[in-house]
Structure formats: structure tokens, C-alpha cells
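Engineer: Need coordinates for the following:
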Amino acid sequence: MSHPVPIQFQPVDAEVLAKATGRIVVVVDEGGKLGAAGRRLDRLMKGALARYLAAPAFVDQKAGEGTVLAWPAGLAAEAVQVVKLDRKADVAQARKAGGAIGRALSEAGTLVLAEGGRHLAELSFGLALRAYDFTAHKTGSAKVPGPVTLMVPNPEAAAAEAAPLAALAEGVFFTRDLVNEPANVLTTYDFAARLAAMQELGLDVEILEEEDLTKLGMRALLGVGQGSESPSKVVVMHWRGGAKDEAPLALVGKGVVFDTGGISIKPAGGMEEMTMDMGGAGVVAGVMRTLALRKAKANVVGLVGLVENMPDGRAQRPGDVVRSMKGDTIEVINTDAEGRLVLADVLWYAQERFNPCGVIDLATLTGAIIVALGHENTGVFSNNDAFCEQFLKAAKAEGEGAWRMPMGDAYDAKLKSRIADMKNIGGRDGGSITAAQFLQRFVKAETPWIHLDIAGTALLQADTALAPKGATGWGVAALNRMIRDRFEK
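Structural biologist: From the prediction side, this is the model:
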């Protein structure tokens, strides 16, 4: 798996700047004021750094962005990058500044001069996130960044503050790797094996096979995968870091490792992106990895339904009726609305077995949410205002876009079936809402519940301040913060 680039924290040493052969990064505030080492660097550059800081170009440079001064005279370094970071920067701006550094690390090493000593943990976290590169299937010699060193006033304090975010970066990378993997590699077997390997971190991991799922009555989930050669599975990951008698928070993820649409087959154009239809399960896995790595003082159980939706001769047909683990019958109108069938059974199982204090499910569930919110925000649906507000607050603090969507009886009525208890779709209008209404039928009235439709945020076609093109890892940071704020204060 991919790992964040190691970042060392060292004391400020002006003499090291003169000998550096890779890239030197100078972090300065909006006033352009340099410390002693920065002034030494400017002298080595024959005043070029100070001239830039006094120029209109620096004034116009946005906070969190970087400008490169190439081939600086008087230095062995290949370039000097000036990154602007306001003294009163928020978390998002500090991470963006780190991302500006991580976007272009040097193979010869990167030396970051941060004499101000502010926002160092968030700066290093943004650097690590943006330096991510998925190269598992590329041949030849890949560009590998050289050592990354942050020169700061108090290295020990900075390293201690950054440590929890290093664990979070590992969780985000794990999620990104899973979402980026092609389906011929990340089969249901391989996915389950990667999760089982996290037992080494202290997680209890249990894999439920098709025989177990049949006995439990998970016919909705099994119906989705019955056309695939890869067997359907449910993986349960339990982290017990809180009090023994404290009910866990349950995270439930949709893990469709590839979605052809089944008999209701998708158009060929863009179908290759359906390797990311396990994004919800990927986020759950990344959160559980983060909790284990940072030894979170909370009880959390993560459950993922792993299936592949294929149009085999045994595949589920439009018009079939399946009975869920709860006992409700579902008329399958469209086999491409399969994720909700998977989640229905796993949601019910999570409540029946663990009696959680709350449930949060994640899924790349509907194209309708992209129509509604684009790629900037995840759709948030909930039956509990206080629980939902806790998540929205955490998402905002982490800079992960999230927007609450409406629910109601009028939407629910669209799921009425002529021959079963419900249909699995409610029509094109309000499609993401009727999908949430379907899931709510498998949530007990007394259970606080949030549904996160991450179809628009799990994988992007353009790079961002903190991620290259591809998987984003959206949600790992927000859920980790929510768990920390709810259980660990």
C-alpha cells in the first residue's frame, strides 16, 4: 500500500540552506517578514528573495499558494519556493499551503523553512496528502521524492503535534489506494484480505462468507452478487478503545468492487470508473485504520458489504422480489440500484448485533446527488438533527464539503410497490432522496442515523489542493474528527 512521505522536524539551521541541493521552501506570512535564517537565505540569493517579497506579485499571491523562484543565484538548490501562510490562517489554508509544497517535492530532497512555527501540524498534513501518488501498476522508474525536512523553532513539539495527523494520513492513503485499484486486482477476496491484515494493528476482523450470509437471511445483499464469480462477503472490523460497557458507533460501507449495472447494464462510456463503487467501504476501512493507528479511545465497529454486480446468466433480473434480513420484501425494478440492497442488510445486521449508539452509512449511491451538489459536497441525510449537526460540524472543521438534504413522507411514497413491500427505486426525480428513504426503512426509529452519498466526492477527474486526480479519501478526516469530538474529550 501507499504510505505518506516521511517528514522530519529539525531545528532551524541557516548553514544547511546554503548546502541544500534539492528544493528550498520558505513559508512566510502576509507581511513577507523573514526570520534570521530567511535573511541569511536572501543574502545567499543576492537579495532576490527580498525583492520578490516586496513586489506586487507577492501581494497578489493568495494565501496557501506557492510561487517558485527557479535556479536561484548563489545556491546549490534547484529552486526556491515561497509559500504564503497568513498568521491567522485556518485549518484549510494551512493544509492548502502544505499541499502547495507536496505537489512538487524534489527527488533531491525538500527543505522547508518555517521559522514562524505556526500551523506546522496542519502544514505537514497537507504536504503529506498532496504528495500521494498511486503508482502500483506503473512500470519503469517512478519519481520518488527525496527526504522532506521541516526546519522549525521547536522540532519536538511540532513532531508531537503532527503525530495524530500522520495516523490520519495513513488512513486516507489506505482509502485512496482501495478506491484507485482496478477491479481485477481488488476482488471481494482481495478486499477482505486487506481488511483482515489490519488485525495486526489491533482491530478484531471477522469475515462472513456466503454460507453465513444465507443463514442470516441477507438475501437482498446476496441477490446483487449472485451473477458474479467473486463471492459476496461482509467484513466486520471492531475497534474497542472505549469503556467496555459503552455502545459502539457503527460505520457501514457499500463495497461494490465493480458495478456493471447488472441486467440493467450501464452505458459503456465511463463504466471503467465503476471500480470506485466500493468507495463507501473504502472510507470505512480508512477510518478504522486511523483509529487503530492512533489508539483512539472510542468503541467503533465498521461493517462493509463486498459484492460485484455482474450480468451473468444467474444474475438478478428486473422484476425479481427479494426478502431482506429484516424480513421486508423488495421488488427490484432496476438492478443498477444495487447499493441500497447491500446496505439494507448490513444496516440491519449492524443494529441487531451491536445495538450501536448511532449508525453512519457511506455509499457512492446515486448519480442524482452529483446533479444536485456537483463534486463539491457530499449529500447528507439523517433522522436525527443533533447527530447530523455533530457530523456537519466535523466535516466543516476538516474542510470536507457536506450538505444536508431533505427527507419526507412524500418522497417515501414513491417507493410503493404493486407486488412487494417496496421498490428499490422511486423514479428519476429526487433520486438521491428516495434512495435515502429506502435506507431509512432499515434503520430502527430509535437509532440515530446518517446516510452519506459520496458519489460526487469519492473520485475526481481533476486534482485538488490536497489530492491528485483520482480517489480523494473524502470522509476519513471528518469521521475521525467526529469520533474524537464525540467520544474522546
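
Engineer: was I right about Gly379 contacting Ala435?
Structural biologist: No: counting by CB atoms under 8 Å, Gly379 sits too far from Ala435 to count as a contact (9.4 Å). Where C-beta positions appear, they are placed from N, C-alpha and C, glycine not excepted.

Engineer: Compare neighbour counts for these two and give me the winner.
Structural biologist: Neighbours per residue (other CB atoms under 10 Å) separate Gly379 from Ala435, with Ala435 holding more: 29 against 26.

Engineer: what helix or strand is the more buried one on?
Structural biologist: In this assignment (DSSP states H and E), Ala435 forms part of helix 431-440.

Engineer: tell me the angle the helix or strand just after that helix makes with helix 431-440.
Structural biologist: As assigned by DSSP H and E, the chain's next helix or strand after helix 431-440 is strand 449-453. Interaxial angle, strand 449-453 versus helix 431-440 (axes from the mean of the first three to the mean of the last three CA atoms, to 10 degrees): 140 degrees.

Engineer: Direction included, what does strand 449-453 pair up with?
Structural biologist: Paired neighbours of strand 449-453 in the sheet (DSSP bridges): strand 358-363 (parallel), strand 378-382 (antiparallel).

Engineer: Switch those over to TSV; also include mean pLDDT and distance to Asp13.
Structural biologist: Putting these into TSV (pLDDT from 0 to 100; distance: least, CB to CB, whole Å) gives the following:
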stretch	mean pLDDT	distance to Asp13
strand 358-363	98	45
strand 378-382	98	44
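
Engineer: Comparing the ones you listed, which comes out most buried?
Structural biologist: Comparing the strands paired with strand 449-453 by mean neighbour count (mean count of other CB atoms under 10 Å), strand 358-363 ranks first with a mean of 27.

Engineer: just how off-centre is it within its chain?
Structural biologist: 14 Å (CA atoms, centre = their mean, to the nearest Å).

Engineer: Please point out which parts of whichever helix or strand comes after that strand sit buried.
Structural biologist: Counting by DSSP H and E, the next helix or strand C-terminal to strand 358-363 is helix 368-373. Using 16 or more other CB atoms under 10 Å as the test for burial, helix 368-373 gives Ala368, Ile369, Ile370, Ala372, Leu373.

Engineer: quick one: which of those residues is nearest to Lys444?
Structural biologist: Ile369 (24.6 Å; CB to CB).

Engineer: Contact partners for that closest one?
Structural biologist: Thr378, Gly379, Met405, Ser432, Asp453, Ala455, Gly456 (CB atoms under 8 Å, 6 or more residues apart in numbering).

Engineer: Name the member of these with the most neighbours.
Structural biologist: Most surrounded of the contacts of Ile369: other CB under 10 Å gives Asp453, at 33 neighbours.

Engineer: Now do the contacts for that one.
Structural biologist: Ala363, Thr364, Leu365, Thr366, Ile369, Thr378, Gly379, Phe381, Ser432, Ala435, Ala436.

Engineer: mind running it again at 7 Å?
Structural biologist: Residues near Asp453 by CB atoms under 7 Å, 6 or more residues apart in numbering: Ala363, Leu365, Thr366, Ile369, Thr378, Gly379, Ser432.

Engineer: can you confirm Leu129 is in a strand?
Structural biologist: No: per DSSP: H, G, I helix; E, B strand; the rest coil, Leu129 lies outside any strand segment and is helix.

Engineer: Quickly note the distance from the closest residue to it other than its chain neighbours to Ala159.
Structural biologist: Distances taken as CB to CB, 6 or more residues apart in numbering put Leu466 closest to Leu129, at 4.4 Å, once the chain neighbours are dropped. Separation of Leu466 from Ala159 (CB to CB, to the nearest Å) stands at 21 Å.

Engineer: Show me where the chain dips below the pLDDT cut-off.
Structural biologist: 71 (pLDDT under 70).

Engineer: what's the domain layout of it?
Structural biologist: Annotated domains of the chain cover 7-154, 169-487 [automatic domain parsing].

Engineer: Need the winner for burial among these.
Structural biologist: In terms of average neighbour count - mean count of other CB under 10 Å - the standout among these is domain 169-487, at a mean of 21.

Engineer: Report the distance from that domain to the chain centre.
Structural biologist: 13 Å.

Engineer: Show the end-to-end separation of it, please.
Structural biologist: End-to-end distance for domain 169-487: 21 Å, by CA to CA, to the nearest Å.

Engineer: next one: stretch 352-362
Structural biologist: 19 Å.

Engineer: One more: stretch 311-328?
Structural biologist: Stretch 311-328 has an end-to-end distance of 25 Å (CA to CA).

Engineer: where does Ala467 land in three-state SS?
Structural biologist: Secondary structure for Ala467, judged by three-state DSSP, is coil.

Engineer: Roughly how far does it sit from Thr175?
Structural biologist: Ala467 sits 11 Å away from Thr175 when distances are taken as CB to CB.

Engineer: Now flag whichever of the contacts of Ile369 is closest to Glu115.
Structural biologist: Looking across these and measuring by CB to CB, the closest to Glu115 is Thr378, at 37.8 Å.

Engineer: Who is that closest one paired with across the strands?
Structural biologist: Ala402.

Engineer: What is the longest helix of the protein by residue count?
Structural biologist: Longest helix in the chain, counting residues (DSSP state H): helix 155-180.

Engineer: Against which helices or strands is whichever helix or strand Leu479 is part of packed?
Structural biologist: Secondary structure from DSSP H and E places Leu479 in helix 476-487. Applying 3 or more CB pairs under 7 Å, 6 or more residues apart in numbering; DSSP states H and E, one finds that helix 476-487 contacts helix 155-180, helix 279-293, helix 385-398.

Engineer: Can you tell me which of those is nearest to Pro231?
Structural biologist: helix 279-293 (15.6 Å).

Engineer: can you give me the angle that closest one makes with helix 476-487?
Structural biologist: Going by the same axes, to 10 degrees, helix 279-293 makes 50 degrees with helix 476-487.
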